[in-house]
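Chemist: Build me a structure from this.
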Amino acid sequence: MMTDLIRDSSCCVRALAWATALAATLGSAALTGCDTVKAPYAPGGDQVPASNYPKVAFYDKELSGMLVVDPNIVVVDRPEGRPMKVTVPLRSVSDHAMKLQYQFLWRDSLGRPVGESGWRYTRVEPRVQVPFQANALTQDAVDWRLEVRFER
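Modeler: Alright, predicted model coming up:
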């Protein structure tokens with residue numbers, strides 16, 4: 001009699017679990033079937049705030065182990081009545097020469113793009129410091145970013 005009770009209760013537990021799973025499946029199918037609004041995919045929030053974004057950014061991950069910058073010797077010149085000029089000395093810590101491209105991006109006081117220098121080519125010899133420099137295209141430029149990648 002006790003075994004019949006145990007058998008009956010385990011059967012009820014299995015039936016309840018099956019019914020719950022079925023209800024969840026039908027419920028999720030009903031929810032996806034009712035999605036009549038096709039909203040666009042939206043971006044997530046940037047985990048790197050603009051204040052922490054690097055002034056020098058590499059397109060190729062390998063460059064971060066091959067080039068270094070001393071922020072204390074970066075020169076930002078803002079001559080009166082003329083666009084700003086930026087010079088960023090990057091030093092190779094590699095034992096091999098590199099063919100690179102770089103460009104400066106210019107932003108105004110609100111962070112809006114106001115121009116870019118266009119991609120320039122350079123060769124960096126092993127363990128040598130090379131100045132990457134450009135002038136902004138307009139006096140509205142008050143901020144900059146340097147992007148570097150392997151030659152393409």
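Chemist: how about the strands in this protein?
Modeler: All strands of the chain, identified by DSSP state E, fall at 56-58, 67-69, 75-77, 85-92, 98-107, 113-116, 120-124, 129-135, 143-150.
Chemist: tell me which residues in the first one are buried?
Modeler: The one in question is strand 56-58. 56, 58 (16 or more other CB atoms under 10 Å). Where you see a C-beta, it was placed from the backbone N, CA and C, and this is true even at glycine.
Chemist: Run the chain-centre distance for it.
Modeler: Once both centres are worked out by CA atoms, centre = their mean, to the nearest Å, strand 56-58 turns out to sit 11 Å from its chain's centre.
Chemist: Direction included, what does that strand pair against?
Modeler: Partners of strand 56-58 in the sheet, by DSSP bridges, are strand 143-150 (parallel).
Chemist: what do you get for the third one?
Modeler: Strand partners for strand 75-77, identified by DSSP bridges, are recorded as strand 85-92 (antiparallel).
Chemist: what comes up buried for the partner strand?
Modeler: Those would be 85-86, 88, 90-92, for strand 85-92 by 16+ other CB under 10 Å.
Chemist: so for it, what's the average pLDDT?
Modeler: Across strand 85-92, the average pLDDT comes to 98.
Chemist: How about stretch 118-129?
Modeler: 97.
Chemist: Can you give me the end-to-end span of that stretch?
Modeler: The straight-line separation of the ends of stretch 118-129 (CA to CA, to the nearest Å) is 22 Å.
Chemist: Under the pLDDT cut-off, which ranges of the chain? List them.
Modeler: Across the chain, the ranges flagged by pLDDT under 70 are 1-35.
Chemist: okay but Ala134 is in contact with Gly115, surely?
Modeler: No. Using CB atoms under 8 Å, Ala134 makes no contact with Gly115, being 10.0 Å away.
Chemist: Have a look at those two and say which one is more surrounded.
Modeler: Neighbours per residue (other CB atoms under 10 Å) separate Ala134 from Gly115, with Ala134 holding more: 23 against 17.
Chemist: OK, contacts around Gly115?
Modeler: Applying CB atoms under 8 Å, 6 or more residues apart in numbering, we find Gly115 in contact with 105-106, 136-138, 141.
Chemist: Tell me how the chain divides into domains.
Modeler: The chain breaks down into these domains under automatic domain parsing: 1-35, 54-150.
Chemist: highest average neighbour count across those domains?
Modeler: domain 54-150 (a mean of 15; mean count of other CB atoms under 10 Å).
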